[in-house]
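A.B. asks: Provide a 3D model corresponding to the input given below.
(chains A and B)
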Amino acid sequence: MSISTSPAAPIVKPAEAGSASLSRNEPPIIVFEQVTKTYPNGQAAIKDASFTVRPRDFVFVVGASGAGKSTVIRLLIREELASQGHVLVEGQDLARLKHRHLPKLRRKMGIVFQDFKLLPSLTVAQNVAFAIQVTDPGRPHLKEKVGEALYIVGLEDKLNAFPTELSGGEQQRVAIARALVHRPRIFLADEPTGNLDPDAGWGIVQLLQQINHRGATVVMATHNREVVDLCRRRVLAIEDGRIVRDEAEGSYLREGDAIL
Amino acid sequence: MNPIPALKFVARVAMQNILRNRGIAMASVLTITLTLLGAGAAVVVVHALDGVLHTEEAQASVLKVFMADHVSFASEINLAQNLASESAVSAAAFENKDQAARQAATSLGLSQAISLLESSGAGNPLPASVNLHLKDIKAVSQLNRQVRSSAILDTGPHPTDYNANVIPRLERYIFVAQLGGGLVVAVVGAVALVIITISVRTAAYVRRREIEIMKLVGATDWFVRWPFVLEGVIVGVISALVAAIILVGLGLGFGSGHGLALGVGPRFAALIVLTLVVAGGLLGSVGSFVGVRRALGT
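C.D. replies: Below is the predicted model:
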């Protein structure tokens, strides 16, 4: 696949001026209402968690491994259903969402993971195009849309490279580009810097901030203390499945907590 | 969603799957071909046995009434006319001694024995007869009882060719053959279904990452499922075509003249090919549908 890289229009519209104040008046785009998730083995991953996320918010979900961060993401993409309580996305209760409507929900979301989930047999451009081909194969201007997404993540010169020829940071950028082609309103990232060196990880977080600045709501689960502390964005801290802290411009650890 | 690009995508992915997993696909085609070959052969054998039954039934519904040698030709014709007027009889044909000899010589290969007897002065030993074609085979035994009372019949132990055991025995054989054939078809069908299910499940496992990504980016279930279903249909139809070619080839090889072996005509052969292809396609689609369910988590 050969693709030109002239961005005709931005994938995500830049946020309007004063968006922060606008979002305060808008209904939340994500609602967790007394959510408990217990897995079949009896392990309670989330316990009575309640929080809301406004449109265009950028939220870090932090906590140690096994605290329940990934379960929050899995509940948001309806990979899991809450055992108790309600998870709402754009006002839609996910427990009531019919299975056949799940693809529509997923297309509103961009999702990236620690392990990138790229197809090694496809080129960078083909990996990004894949998201369109399997959801809307007749969509016009496929090449332009792929080019735009790769331009945003800074990989417009790697169209024909294969994932194995890229660094970890570049692979994660390809995954982000693939998540962007549906122009998602919500962008979910589950430990996106987990497999990356600090510089590459910081580059990915900056990219997510740029996506947020363009108008998408970003929820990022991480245990990368440095990036959380550098960004000073909203922080939801989870410990043993419970939301223990929700700070507007938070840090990875509570002020005064010792690093063990 | 525009269906044309969607169908193109499904077809392309299905072909890619087959080529990528060609080892598994080849093994599936081979095994399903063998099973369909078994099923096809069973159908042919049952059909041939069914043909034998119908031939035997047709023959058994003809009652041959043998005349005594001393009876005059007028009496013979008279009896034939009387019997022809019976309601159970659809047609009656008189066969004189010479015709009986010619018939025995051609159909039973007794020409040498008959010539020998005639040249020795013993004459033609075969009796004249009236051949009664009955409307219903069940009427044969009643008519047999009725004609035996006639004075002009052969006085030997068998004044007619009625054999009480032939039809029930034939029907028993056919029942057993049909049951056996049905069982063979059912078993090989189930085996083919399991093979396709396992094959597609393996293909789905190999492609689990691709499926996971498809679901994450919002592909519908049918978009994930249809390439697998098409893959199963292609494998099933190819297997069926190979089985049909082998079956028809064997039929031609063992057949005589322009016909196929076991009395299979071109129309029935075409029907078998069509049935095998439809069965292969159905087995492929159902097996794939079941096989990909786990991958979809539905």
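A.B. asks: neighbours around the nearest residue to residue A:216 once chain neighbours are set aside, how many?
C.D. replies: Nearest non-adjacent residue to residue A:216, counting by CB to CB, 6 or more residues apart in numbering or on different chains: residue A:187, 4.7 Å away. (Glycine included, C-beta is placed from N, CA and C.) By other CB atoms under 10 Å in any protein chain shown, 23 other residues sit near residue A:187.
A.B. asks: what about residue A:79, helix or strand, and which?
C.D. replies: Assessed by DSSP states H and E, residue A:79 sits outside every helix and strand.
A.B. asks: look up the pLDDT of it for me, please.
C.D. replies: Note for residue A:79: predicted pLDDT of 92.
A.B. asks: give me every residue that touches residue A:245.
C.D. replies: Residues counted as contacts of residue A:245 (CB atoms under 8 Å, 6 or more residues apart in numbering or on different chains) are A:235, A:236, A:237, A:254.
A.B. asks: ok, the residue in the stretch 51-200 of chain A positioned nearest to chain B to residue B:219 distance?
C.D. replies: Chain B sits closest to residue A:138 of the stretch 51-200 of chain A, with a gap of 3.1 Å, by CB to the nearest CB. According to CB to CB, to the nearest Å, residue A:138 and residue B:219 sit 14 Å apart.
A.B. asks: just confirm the residue of the stretch 51-200 of chain A closest to chain B is within a helix.
C.D. replies: No: counting by DSSP: H, G, I helix; E, B strand; the rest coil, residue A:138 is not found in a helix; it is coil.
A.B. asks: nearest to residue A:108, out of the contacts of residue A:245: which one, please.
C.D. replies: Nearest to residue A:108 among these: residue A:236, at 21.0 Å, using CB to CB.
A.B. asks: number of nearby residues for the residue nearest to residue B:247 when sequence neighbours are not counted?
C.D. replies: Counting by CB to CB, 6+ apart, residue B:40 is the residue found nearest to residue B:247 once chain neighbours are left out, at 4.7 Å. Residue B:40 has 25 neighbours, counted by other CB under 10 Å.
A.B. asks: residue A:167 too?
C.D. replies: 11.
A.B. asks: wait, it sits on residue A:199?
C.D. replies: No: shown here, residue A:167 and residue A:199 do not form a contact pair, counting by CB atoms under 8 Å, at 10.2 Å.
A.B. asks: buried ones in the helix or strand hosting residue B:102?
C.D. replies: Assigned by DSSP H and E, residue B:102 belongs to helix B:97-107. Neighbour-count burial for helix B:97-107, counted by 16 or more other CB atoms under 10 Å in any protein chain shown, picks out B:97, B:100, B:101, B:104, B:105.
A.B. asks: the fourth one is in contact with residue B:127, isn't it?
C.D. replies: No: between residue B:104 and residue B:127 no contact is recorded; they are 11.0 Å apart, counting by CB under 8 Å.
A.B. asks: over to residue B:64. Which of the three states is it?
C.D. replies: strand.
A.B. asks: the residue of the stretch 151-298 of chain B found nearest chain A: what's it in contact with?
C.D. replies: Nearest to chain A, among the residues of the stretch 151-298 of chain B, is residue B:218, at 3.6 Å (CB to the nearest CB). Under the criterion of CB under 8 Å, 6+ apart, the contact list for residue B:218 reads A:103, A:104, A:105, A:106, A:107, A:131, A:135, A:182.
A.B. asks: mind checking which of those residues land in helices?
C.D. replies: Using DSSP state H, the members of the contacts of residue B:218 that fall within helices are A:103, A:104, A:105, A:106, A:107, A:131.
A.B. asks: need the pLDDT of the last one.
C.D. replies: In this case it means residue A:131. The score at residue A:131 is 93. That number is its pLDDT.
A.B. asks: now it: how far from residue A:213?
C.D. replies: Distance from residue A:131 to residue A:213, by CB to CB: 22 Å.
A.B. asks: just the first one next, same as before
C.D. replies: With distances taken as CB to CB, residue A:103 is found 28 Å from residue A:213.
A.B. asks: cool, residue B:224 as well?
C.D. replies: On the measure of CB to CB, residue B:224 and residue A:213 end up 34 Å apart.
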